[in-house]
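K.L.:
give me the fold of what follows.
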Amino acid sequence: MQRAQTLLVALLATTVAWSQQRQSPRPPLDGPTLTVPGVVAKNTLKIVAYGDTRFTDVENDRDTAPKVRQYLVKQIAKERPDAILMTGDLPFHGADPADWLVYRDEAVAWTRANLRVYPTLGNHDVLGGWDAGVRNFNATFPELKGYLYYSVQIGNVYVITLDCTESYADGSPQRAWLAAQLDHLPTSVNFVFFVSHMPLYADVQSQIVASMPNPPELSLRQFILSKAPDTDAKLIVINGHLHNYERFESKGISYIVSGGGGATPYRILVRGPEDLFRAGTFPNYHYLVFAIHGRTADVTMYRVTNPTHPSKLSLEVKDRFTLTAPGR
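P.N.:
Predicted structure coming up:
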């Protein structure tokens, strides 16, 4: 417990330091930061979500699983999704341009297919220095125009990406922006995805061993919950950081931890009763596919099998569920 408390204090101190260094542009308060043209509310959409990939030198198989990481990228490319939502820790060392170059090289199939990638900043995205990490992030994703938190409208889907390296506490600029976004949601929106790195909801083991969620995330969770009654859409929170897969439903809001992109797996020995994912599998390298048809989202979790045998890698469906947006 003492170790967990020490880690929590260190994490909070680091978050404050990141916030003090921040000098990035603020997105407009009302309306989406970005809009995908040519997509209307009635279009069927495919959204992929996953994270904690830790792109880095392929010789490093201690902190990430390079073959699994590359395999997941190729499988996602075959999905041809309308958007890829990444839950953070895209590189291993965010301050090192070489790790971002590995991402560009390994994800070249995404680039060739003109796939839209919407990342969120995690602690590893700025590991080694916030300024350098953000500089590399902006250089890798120039289409985001320097915004570290932003929103995207894709037909009847609204993506709100939050920056865990800046405060989202009550009274902060990011919280004010988030409130304005929810107050001005287009009436055509049926699903709102909140994407951020640090988990807002976690399995009981994560709460004890890793002290997750942290106080900032608990505050954010309460704020989103307070806005839910005035929001005529299904709210879905997707986070990473815990290198596994967890799923919860609380007071009408869905919470998913998707951190199986390649980083060193985080083992859950016994899942708590609130965790809707009951399989005892480990590790759970995976990605999620949201197939959205109007007010219905059919969700599939594809898990990598035989992760220690690169020549035998394959996928299995390990979780499947449906989310429904409120009717009007």
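K.L.:
only C-alpha atoms from now on, for both contacts and neighbour counts.
P.N.:
Noted.
K.L.:
pick out the residue nearest the middle of this protein.
P.N.:
For the chain, the residue whose C-alpha lies nearest the mean C-alpha position (CA atoms, centre = their mean) is residue 87; its distance is 2.1 Å.
K.L.:
the nearest residue to that one once chain neighbours are set aside and residue 171: what is the separation?
P.N.:
Nearest non-adjacent residue to residue 87, counting by CA to CA, 6 or more residues apart in numbering: residue 51, 4.5 Å away. Going from residue 51 to residue 171 by CA to CA, to the nearest Å gives 29 Å.
K.L.:
these two: which is more packed in?
P.N.:
residue 51 (33 against 9; other CA atoms under 10 Å).
K.L.:
thought residue 245 was touching the more buried one, still the case?
P.N.:
No: counting by CA atoms under 8 Å, residue 51 stays clear of residue 245, with 10.5 Å between them.
K.L.:
what is in contact with those two at once?
P.N.:
258-260 (CA atoms under 8 Å, 6 or more residues apart in numbering).
K.L.:
just the ones of those in strands?
P.N.:
Using DSSP state E, the members of the shared contacts of residue 51 and residue 245 that fall within strands are residue 258.
K.L.:
tabulate the shared contacts of residue 51 and residue 245 (CSV), appending pLDDT, neighbour count and distance to residue 65.
P.N.:
Output for the shared contacts of residue 51 and residue 245, formatted as CSV (pLDDT from 0 to 100; neighbours: other CA atoms under 10 Å; distance: CA to CA, whole Å):
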residue, pLDDT, neighbour count, distance to residue 65
258, 98, 31, 16
259, 97, 33, 13
260, 98, 30, 10
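K.L.:
distance to residue 208 added to the shared contacts of residue 51 and residue 245, as a markdown table?
P.N.:
Listed next are the shared contacts of residue 51 and residue 245 as a markdown table, based on distance: CA to CA, whole Å:
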| residue | distance to residue 208 |
| --- | --- |
| 258 | 19 |
| 259 | 18 |
| 260 | 20 |
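K.L.:
from the shared contacts of residue 51 and residue 245, pick the one nearest residue 288.
P.N.:
Closest approach to residue 288 among the shared contacts of residue 51 and residue 245 (CA to CA): residue 258, at 7.8 Å.
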